[in-house]
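Colleague: give me a 3D structure for the following:
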Amino acid sequence: MNGSRAASFTHFELVGFPGLQDYKVLLFIGFFILLLITITANFLILFLVSLDHRLHTPMYFFLCNLSLLDMLMAISIIPKLLAVLSGYETTILVATCFGQMYFIISIGSAENCLVAAMAYDRYVAVVKPLHYNVIINLKKCMVIMTTVWILGFLIPAVSIILASKLPYCASNKIMHCFCDYPAVLSLACADITDHANGAFGLALFVNYVPLLFVLWTYIRIIVSVLKLKTTESRAKAFSMCSSHVTVVLMYYVSASIVYAGMKIDGLSYDGRIFIGGLNYFLMPMVNPMIYSLRNEKMKDAAKRYIHPSVFFTSLPFSLHFNFSLLWGLGF
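Modeller: You can find the predicted model right below:
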């Protein structure tokens with residue numbers, strides 16, 4: 001029996017922001033701008049990397065995948081949220097709701113794995129620079145990214161399938177702005193203790209196993225950098241990792257805040273939504289800004305290619321993005 005058959009209704013109703021119903025217009029405008037910035041910023045990274053041969057390296061290959069995941073995260077949540085805030089459509093099919101839930105969790109899991117993969121790339125670049133092109137070659141990068149995507153989309157599958165089989169008959173109102181796992185699970189007419197504990201444990205595993213790997217790589221990086229003889233060499237080595245370190249800190253600090261918020265009794269619905277939004281709304285917008293503002297090669301590429309004549313001339317090529325061309329003759 002699937003989720004929709006077990007329920008006494010076929011649709012859920014997304015309430016949005018329960019305590020901010022009088023501010024729907026402002027929220028609509030804010031999230032619409034957020035969506036535009038997120039899509040534009042991440043698309044520009046894909047666009048610039050596809051055009052500038054200096055960016056045809058493994059690090060930017062991983063960055064392109066991060067941008068793609070960030071765009072998918074925004075597209076999975078915000079368009080439906082805008083429909084809810086505008087009053088155009090506040091309901092969602094039960095099956096569609098679990099589909100949205102699955103994609104949101106899968107994309108988040110894949111991003112956690114990708115952050116760890118990017119840490120490995122920085123580790124090899126700093127600790128084993130002479131062997132970098134041998135270790136991080138095209139085949140290795142494709143294996144890493146395939147693993148990241150497969151793990152990301154396999155990890156939450158069992159939890160979502162089991163949750164979809166629960167009977168949902170108490171209420172069809174989701175006190176959230178999207179199909180958030182805890183918010184939907186709370187509507188089940190059954191004991192959800194095992195489901196909630198299992199999902200929480202899985203979430204900790206997905207977040208903190210990659211974090212432990214990232215910490216291990218950066219301990220090795222720091223030890224290696226401290227052995228360098230000149231201050232200039234140390235500064236250059238640390239600058240190679242600065243953008244990634246910033247992203248890692250933001251990911252895991254925001255994730256820790258989210259998990260802490262889940263355990264706080266008495267926190268309002270809107271408070272939980274905004275805490276959760278640190279991961280789902282802000283990170284997809286902030287990531288490309290961190291990598292573009294802190295990266296001289298990205299800045300130079302933007303100066304070369306972001307003006308109307310080059311943009312419209314090169315757009316068909318960028319849309320025909322081929323990763324096999326991303327590596328250049330050196331791969």
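Colleague: starting at the chain centroid, how far to stretch 211-221?
Modeller: Relative to its chain's centre, stretch 211-221 lies at 20 Å (CA atoms, centre = their mean, to the nearest Å).
Colleague: mind listing what's buried in stretch 134-153?
Modeller: 136, 141, 144-145, 148-149, 151-153 (16 or more other CB atoms under 10 Å). To be clear about C-beta, it is placed using only N, CA and C from the backbone, and glycine gets the same treatment.
Colleague: ok, and what's touching that stretch?
Modeller: 58, 61-62, 65, 106-114, 117, 120-121, 124-125, 128, 327, 331 (CB atoms under 8 Å, 6 or more residues apart in numbering).
Colleague: at 7 Å what do you get?
Modeller: 58, 61, 65, 106-107, 109-110, 113-114, 117, 121, 124, 128, 327, 331 (CB atoms under 7 Å, 6 or more residues apart in numbering).
Colleague: can I have the buried ones of the residues you listed as a PyMOL selection?
Modeller: Restricted to buried positions by 16+ other CB under 10 Å, the PyMOL selection for the contacts of stretch 134-153 reads:
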select buried, resi 58+61+65+106+107+109+110+113+114+117+121+124+331
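Colleague: now, the contacts of stretch 134-153 that are in helices?
Modeller: 58, 61, 65, 106-107, 109-110, 113-114, 117, 121, 124 (DSSP state H).
Colleague: please produce a markdown table containing these, extended by distance to Asp180 and pLDDT.
Modeller: Below are the ones in helices among the contacts of stretch 134-153 laid out as a markdown table (distance: CB to CB, whole Å; pLDDT from 0 to 100):
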| residue | distance to Asp180 | pLDDT |
| --- | --- | --- |
| Pro58 | 34 | 89 |
| Phe61 | 32 | 90 |
| Asn65 | 25 | 93 |
| Ser106 | 14 | 94 |
| Ile107 | 14 | 94 |
| Ser109 | 15 | 91 |
| Ala110 | 18 | 94 |
| Cys113 | 21 | 91 |
| Leu114 | 22 | 93 |
| Ala117 | 27 | 92 |
| Asp121 | 32 | 90 |
| Val124 | 37 | 91 |
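Colleague: and of those residues, the nearest to Gly271?
Modeller: Ile107 (23.7 Å; CB to CB).
Colleague: so what's the closest one up against?
Modeller: 69, 72-73, 76, 152.
Colleague: farthest-apart pair in the ones in helices among the contacts of stretch 134-153, please.
Modeller: Ser106 and Val124 (27.2 Å).
Colleague: do you know the pLDDT at Ser314?
Modeller: The per-residue pLDDT reported for Ser314 equals 46.
Colleague: again, but for Leu212
Modeller: Value for Leu212, per-residue pLDDT: 90.
Colleague: number of nearby residues for it?
Modeller: Leu212 has 10 neighbours, counted by other CB atoms under 10 Å.
Colleague: tell me the secondary structure at it.
Modeller: Here Leu212 is recorded as helix under DSSP: H, G, I helix; E, B strand; the rest coil.
Colleague: what's the separation between it and Asn112?
Modeller: 12 Å (CB to CB, to the nearest Å).
Colleague: and what of Leu202?
Modeller: Leu202 is 12 Å from Asn112, by CB to CB.
Colleague: and of the buried residues of stretch 134-153, the nearest to Met283?
Modeller: Gly152 (15.1 Å).
Colleague: could you list the low-pLDDT ranges of this protein?
Modeller: 1-8, 258-269, 292-294, 307-331 (pLDDT under 70).
Colleague: which residues of it fall in helices?
Modeller: Going by DSSP H, the chain shows helices at 3-6, 24-51, 58-86, 94-127, 132-135, 138-154, 157-164, 181-185, 193-226, 231-262, 269-277, 283-293, 296-305, 308-319.
Colleague: using JSON lines, lay out those helices together with distance to Gly16.
Modeller: Output for those, formatted as JSON lines (distance: least, CB to CB, whole Å):
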{"stretch": "helix 3-6", "distance to Gly16": "22"}
{"stretch": "helix 24-51", "distance to Gly16": "7"}
{"stretch": "helix 58-86", "distance to Gly16": "5"}
{"stretch": "helix 94-127", "distance to Gly16": "14"}
{"stretch": "helix 132-135", "distance to Gly16": "48"}
{"stretch": "helix 138-154", "distance to Gly16": "27"}
{"stretch": "helix 157-164", "distance to Gly16": "22"}
{"stretch": "helix 181-185", "distance to Gly16": "12"}
{"stretch": "helix 193-226", "distance to Gly16": "23"}
{"stretch": "helix 231-262", "distance to Gly16": "18"}
{"stretch": "helix 269-277", "distance to Gly16": "9"}
{"stretch": "helix 283-293", "distance to Gly16": "20"}
{"stretch": "helix 296-305", "distance to Gly16": "36"}
{"stretch": "helix 308-319", "distance to Gly16": "34"}
